[in-house]
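Asks: take a look and give me a structure for this.
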Amino acid sequence: MQTGELTGFRFPLTQGGNTEDTRRGNEVFVAKEVTNAAQREPLQMMRAAQTRAMYLLCTLLMLTMPGLSPAGEDKGEATAASEILHGRLELKRQATNRGTTDETTKTQLKIDAYLNGFVSLLRIEMPFPDDQTDFEGDPFRPRVGDIKIRTGFRPFQIDETPVSTYIEITFPTADPESLGSGKYQLTGGIQPTYGVPLPELYSQSHKMTFSPLFKQVVSVAGDEDQKNINYTQIELALRDTWRSLFWLKLTPKPVLDWEQDARTGAVLELEAGWIINRRWSTWLMLGTRMWGGGVPSTYDHRVELGLAFLF
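Replies: Presented below is the predicted three-dimensional model:
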């Protein structure tokens, strides 16, 4: 048996076959492949355009929301008490080693809008994971990740302790889908903030707080081929602020994955920050795994560099 070649494909030619018919058949095959590719390209372009349009719409809504004023969440000690804040912009770069699907090397943009009322915070979180998901990554080849939208509520008091709550929705907007969960997720969180008493010698220049965050994450819809999500995470943040200029925060983050019969894992993060002025702040965070692999929101090692602006 002989073979003929056309555009990289090989087609059999029997000794008694009609060479002209084979050539025409090859041309028809190639024409169909070109047509199919042309049909798929607009669908891919449309999906990418819809995702970008959603990002832009959410950003514009956050920035143009009327009646903005300070919210109960931490805005940094950089602002004067009498100054009215409209929101906060945050940009951070994370280099992550051996993380789960939602914990890879990425650049992340976060926009907060502070409201005056029962709803005190609106947030959109837009991750841009690198095309290469290893620790080094490739910051010049970002992709679209799963965006998150959070609604925070006005803090309430329990024995003079402020307690913040929020609800967050995660949308499966990642492109490609392998960089996301493929699931719509619902998160509920509650976080009290306790003042930690210090000796008089240190209390004049230091302010220490303990803010444990309890949150539950569960998938509610999405790709049935992707595994369901149901886990509880606790963040035990201990923060020390020195002279309203620098801060140091230590945060263990244990996780219980109910989809894996309450399998546990945890990471430990140490963050050092500098309040540059009333508007700007920056920080460096180092994280490492304490125990447990294959548990959501965990990783082996992480380095994070962030910059925030209050407006």
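
Asks: quick one: buried residues of stretch 117-125?
Replies: Across stretch 117-125, burial judged by 16 or more other C-beta atoms under 10 Å covers S120, L121, L122, R123, I124, E125. To be clear about C-beta, it is placed using only N, CA and C from the backbone, and glycine gets the same treatment.

Asks: next: stretch 251-258.
Replies: Applying 16+ other C-beta under 10 Å to stretch 251-258 flags T251, K253, P254, V255, L256, D257 as buried.

Asks: same check on stretch 151-158?
Replies: For stretch 151-158, burial by neighbour count (16+ other C-beta under 10 Å) applies to G152, F153, R154, P155.

Asks: a markdown table for these, including distance to M285, secondary structure and pLDDT?
Replies: Listed next are the buried residues of stretch 151-158 as a markdown table, based on distance: C-beta to C-beta, whole Å; DSSP: H, G, I helix; E, B strand; the rest coil; pLDDT from 0 to 100:
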| residue | distance to M285 | secondary structure | pLDDT |
| --- | --- | --- | --- |
| G152 | 22 | strand | 98 |
| F153 | 27 | strand | 98 |
| R154 | 28 | strand | 96 |
| P155 | 25 | strand | 96 |
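
Asks: and which of the residues you listed is nearest G182?
Replies: The shortest approach to G182 among those belongs to G152, at 26.4 Å (C-beta to C-beta).

Asks: for that closest one, list each beta-bridge partner.
Replies: L121, Y166 (DSSP bridges).

Asks: that one reaches R123, doesn't it?
Replies: Yes: counting by C-beta atoms under 8 Å, R123 is a contact partner of G152 at 7.1 Å.

Asks: returning to that earlier point: from the buried residues of stretch 117-125, which is closest to R143?
Replies: Nearest member of the buried residues of stretch 117-125 to R143, counting by C-beta to C-beta, is E125, at 15.6 Å.

Asks: wait, the closest one touches G145, no?
Replies: No: contact criterion C-beta under 8 Å: E125 and G145 do not qualify, at 9.3 Å.

Asks: still on that earlier bit, now tabulate the buried residues of stretch 251-258 in TSV and tack on distance to M208.
Replies: Below are these laid out as TSV (distance: C-beta to C-beta, whole Å):
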residue	distance to M208
T251	14
K253	19
P254	22
V255	25
L256	28
D257	32
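
Asks: which members of these are positioned in strands?
Replies: T251, K253, P254, V255, L256, D257 (DSSP state E).

Asks: list the contacts of the fifth one.
Replies: If a contact means C-beta atoms under 8 Å, 6 or more residues apart in numbering, then L256 has Y231, T232, Q233, A262, R263, T264 as its contacts.

Asks: next one: K249 from K227, what distance?
Replies: As defined by C-beta to C-beta, to the nearest Å, K249 lies at a distance of 32 Å from K227.
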